[in-house]
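1. Please work out how this folds:
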Amino acid sequence: MQPLPVPCPAHLIPDASGTDAFHQTYRQAIADGAVFIAIETDGPHWTVKADTLTAGPGQPSTTP
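-> Residues are numbered from 1 along each chain as shown. Predicted coordinates:
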């Protein structure tokens, strides 16, 4: 997997809106051995979540 430029261009970020798209994108992260990052919105509030389990064993953890 190649490193992404900062900031990441929008065309490289999959739209995982909806249940089917979310599951497909999550499965692709597992297949690629990549950390899955999700941005959720609830009205005016935004939350960013990372799932390092999709990266597989031996990858750095985000927990101390």
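
2. Output the below-cut-off pLDDT ranges for the chain.
-> 1-5, 58-64 (pLDDT under 70).

3. where exactly do the helices run in it?
-> With DSSP state H as the criterion, the chain has helices at 19-32.

4. Would you map the strands across it?
-> Remark: strands assigned in the chain by DSSP state E are 36-42, 45-51.

5. Now tabulate the ones you listed in TSV and tack on mean neighbour count.
-> Just so you know, the C-beta spots here come from the backbone N, C-alpha and C atoms, and that holds for glycine as well. As requested, the strands of the chain are exported to TSV (neighbours: other CB atoms under 10 Å):
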stretch	mean neighbour count
strand 36-42	12
strand 45-51	10
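
6. Now tabulate the ones you listed in TSV and tack on distance to Asp15.
-> Output for these, formatted as TSV (distance: least, CB to CB, whole Å):
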stretch	distance to Asp15
strand 36-42	11
strand 45-51	16
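
7. So which of the ones you listed is nearest Thr19?
-> strand 36-42 (12.9 Å; CB to CB).

8. Mind listing the strands the closest one pairs with, and their directions?
-> strand 45-51 (antiparallel) (DSSP bridges).

9. With only the CA atoms kept, save the strand it pairs with in CSV.
-> Presented in CSV, the C-alpha positions along strand 45-51 are these (Å, rounded to 0.1, in the frame of the first residue of the first chain):
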residue,chain,number,x,y,z
HIS,A,45,-21.2,16.9,16.1
TRP,A,46,-18.5,15.0,14.2
THR,A,47,-16.6,11.9,15.5
VAL,A,48,-13.6,10.2,14.0
LYS,A,49,-13.0,6.5,14.8
ALA,A,50,-10.2,4.2,13.9
ASP,A,51,-10.3,0.4,13.9
